[in-house]
Every structure is written in C-alpha cells, then in structure tokens.
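**Student:** Take this sequence and fold it.
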Amino acid sequence: VAFVVCRSLEGLKAFSYLEELILDNNLLGNDLRLPRLPHLHTLTLNKNQISFQRNTCKILLDHLAEVVPSLQYLSLLGNVACPNELVCKEKDEDDYQRYRYFVLHKLTNLKFLDTRKVTRREREEALVRGAFMKVVKPK
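**Tutor:** The predicted model follows:
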C-alpha cells in the first residue's frame with residue numbers, strides 16, 4: 001500500500017507490482033497519468049480535482065483502463081466528476097447512477113465503485129447505455 005501526497009506521480013514507475021494506491025486529497029485532475037501498473041486492483045482518488053469538463057474525464061478513464069487493467073475498486077468521491085447530492089444540491093441519485101453507468105462502461109472490470117458494489121444489473125446497463133451517460137446539465 002502506498003500513501004502519496006504529491007503533484008507528480010513520476011516515481012510510481014519503480015513500483016510495477018503495486019496493488020493498492022491511495023491518492024486522496026491531492027490536486028490531481030483529469031490530466032492524471034499513471035505508469036503501467038498491471039497488478040493495481042485498488043485506486044482511490046477521493047477529494048481531488050477530477051471533473052467531467054469537455055471530454056477529459058473520458059480520456060482519463062480510457063487511460064486507467066489501459067494502464068491499470070486489473071483495477072477492481074475505484075473511488076472518486078469528493079470530485080466534481082462524481083455527482084453527489086451531499087456535496088452539491090443540484091445533483092441527485094439519478095445523476096450519480098448515470099455517472100456509475102458511464103464509469104462502468106469505461107472500466108468493465110470494476111467490482112466496487114466509490115462505496116458501492118457493482119451489481120449485475122448495473123454492469124448490463126453500462127454495456128448498453130453507459131457511453132451516453134455523462135452527467136452534463138445545461139447551465
């Protein structure tokens with residue numbers, strides 16, 4: 001397990017057998033780039049600066065799918081990308097569920113997203129409609 005507080009993840013290259021990585025409470029955004037970590041199964045990015053601006057979150061999720069193929073647990077709580085009615089009054093449970101479908105569409109091996117286990121029904125819905133589920137509302 002590695003606990004990292006930083007703005008650069010350059011040094012992670014040396015830890016190719018890393019299984020769990022906690023990067024909570026940093027200033028990490030959609031431009032986050034990890035080295036290939038084939039054994040990483042748990043990644044928490046809570047309370048960072050990840051958002052759904054433009055297509056950047058899609059690019060981040062595609063990057064994670066490529067460099068952490070064994071990822072089973074991901075948490076993005078406390079980021080703008082993770083719509084949560086406790087953090088933002090304009091968000092509701094439907095927004096959160098759409099976010100889950102979108103993330104699960106991109107990261108098909110996840111067993112847990114945030115604090116919830118991924119259900120079979122969610123996985124099926126993500127396969128069918130996940131690509132269209134970005135949480136974007138007009139201002």
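**Student:** May I have stretch 74-93 as CSV, with CA atoms only?
**Tutor:** Listed next in CSV are the C-alpha coordinates belonging to stretch 74-93 (Å, rounded to 0.1, in the frame of the first residue of the first chain):
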residue,chain,number,x,y,z
LEU,A,74,-12.1,2.8,-7.8
SER,A,75,-13.3,5.7,-5.7
LEU,A,76,-13.8,9.2,-7.0
LEU,A,77,-15.8,10.6,-4.1
GLY,A,78,-15.4,14.3,-3.5
ASN,A,79,-14.5,15.1,-7.1
VAL,A,80,-16.8,17.2,-9.4
ALA,A,81,-16.9,14.2,-11.7
CYS,A,82,-18.7,12.2,-9.0
PRO,A,83,-22.1,13.8,-8.6
ASN,A,84,-23.2,13.6,-5.0
GLU,A,85,-26.2,15.3,-3.6
LEU,A,86,-24.5,15.6,-0.2
VAL,A,87,-21.8,17.8,-1.8
CYS,A,88,-23.8,19.6,-4.5
LYS,A,89,-27.5,20.4,-4.1
GLU,A,90,-28.1,20.4,-7.8
LYS,A,91,-27.1,16.7,-8.1
ASP,A,92,-29.4,13.8,-7.2
GLU,A,93,-29.4,10.0,-7.2
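**Student:** Tell me which stretches of the chain form helices.
**Tutor:** 56-67, 93-106, 120-129 (DSSP state H).
**Student:** Is it possible to get a markdown table of these that adds distance to Cys82 and mean pLDDT?
**Tutor:** Yep, even glycine has a C-beta here, placed from its N, CA and C like the rest. What follows is the helices of the chain, written out as a markdown table (distance: least, CB to CB, whole Å; pLDDT from 0 to 100):
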| stretch | distance to Cys82 | mean pLDDT |
| --- | --- | --- |
| helix 56-67 | 10 | 92 |
| helix 93-106 | 6 | 90 |
| helix 120-129 | 15 | 91 |
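**Student:** so which of those helices comes closest to Leu37?
**Tutor:** helix 56-67 (6.3 Å; CB to CB).
**Student:** by how many degrees do that closest one and helix 93-106 diverge?
**Tutor:** Using axes from the mean of the first three to the mean of the last three CA atoms, to 10 degrees, one finds that helix 56-67 and helix 93-106 are set 40 degrees apart in direction.
**Student:** I'm done for today, thanks for sticking with me.
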